[in-house]
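In: With the sequence up front, the predicted model follows.
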Amino acid sequence: MENVSENKRQIIEALIFGSDEPLTPRQIIDILWHSDNSGPRLRVKEDDVLGFIRDLNAEYVQAGRSYRIIQVAGGYQYATMPEFAEWLGRMVKEKARRKLTQATIETLSVIAYKQPVTKPEIESIRGVNADYAIHKLLERGLITIVGRAASAGRPLLYGTTQDFLKHFGINDLSELPKPREIEEIMADQGMDMERELLKRMGKTDEEIAEQLGTIAVSENGQLHELPPKDDNQNNETTDSDLSGQTE
């Protein structure tokens, strides 16, 4: 019986630890007892749950742990002791500082694929000033100055660093997805979204197969049909393009 009791306490400890929101005693009881398959079931009472939580907190006090199980909004969750608030606050600020914004991600992408690249080239591709994004990326150590361009004014050239590889979990730049692969991924995602939209509109599988690629979503979220393709016009355009290329 002692082993069973110890097992229950460990399970309750794991449940509270793993939950991203406070767990009530009733929720814990239900989790221990209900099973969708033939898995094990454990019967506990609310008093048992509360007793296990008290025992766990007593262990944490005795061991000098920096955390406790506290009651919040009728449930229980882990929390660090107040005396560590200063250190945790520093950690939160550091994480916020290290978080990449959309602008820095876009700038970093340009540098990763076009390196070595100058600031004017980055701004030409993105269409906006890149001073702040470049400053933040340099501060993070994700990019570095690799030289100067031979063009007028000798602008600085930027490239990625070893920390860039570590941040994204790759060994070298050859492991970056190719632009063509990114386009294919985006196209596949677009098709999946369109297929789901048609399904929600009540279309049958046959209708979806027939209409796939004929609708689009506008910026305000409204669906609209794309104009039908003119095969003759497409052929004329292609012939013209080929003719221009030949010349």
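Out: That came through fine.

In: going forward, measure contacts between C-alpha atoms and count neighbours the same way
Out: Noted.

In: Domain parsing of this protein, as residue ranges.
Out: 2-84, 102-175, 179-234 (automatic domain parsing).

In: possible to save the ones you listed as TSV with mean pLDDT and mean neighbour count?
Out: TSV is the format used below for those (pLDDT from 0 to 100; neighbours: other C-alpha atoms under 10 Å):
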stretch	mean pLDDT	mean neighbour count
domain 2-84	86	14
domain 102-175	88	15
domain 179-234	55	12
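
In: residue ranges of the helices in the protein, please?
Out: Remark: helices assigned in the chain by DSSP state H are 2-18, 25-33, 46-63, 85-98, 102-114, 119-126, 131-140, 162-168, 179-200, 205-211, 231-246.

In: what does the third one contact?
Out: Contact partners of helix 46-63, identified using C-alpha atoms under 8 Å, 6 or more residues apart in numbering, comprise 9, 12-13, 25-26, 28-29, 66-69.

In: go again using 7 Å as the cut-off
Out: Here helix 46-63 makes contact (C-alpha atoms under 7 Å, 6 or more residues apart in numbering) with 9, 25-26, 68-69.

In: Would you mind listing the two of those residues that lie farthest apart?
Out: R26 and R68 (20.1 Å; C-alpha to C-alpha).

In: what's the nearest residue to R26 if we skip its chain neighbours?
Out: E46 (7.0 Å; C-alpha to C-alpha, 6 or more residues apart in numbering).

In: Determine how far the last residue of stretch 111-123 lies from the first.
Out: 11 Å (C-alpha to C-alpha, to the nearest Å).

In: Any chance of the contacts of helix 46-63 in CSV with distance to F52 as columns?
Out: Formatted as CSV, those follow (distance: C-alpha to C-alpha, whole Å):
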residue, distance to F52
R9, 6
P25, 11
R26, 14
R68, 13
I69, 11
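
In: ok, those residues vs L138, which is closest?
Out: R68 (39.7 Å).

In: residue contacts, the closest one?
Out: 57, 60, 78-80.

In: do you know how far A130 is from I105?
Out: Counting by C-alpha to C-alpha - A130 and I105 are separated by 11 Å.

In: Could you do H167 as well?
Out: From H167 to I105 the distance is 12 Å (C-alpha to C-alpha).

In: What of P82?
Out: For P82 relative to I105 (C-alpha to C-alpha), the value is 36 Å.

In: do G18 as well
Out: Taking C-alpha to C-alpha, one finds G18 at 31 Å from I105.
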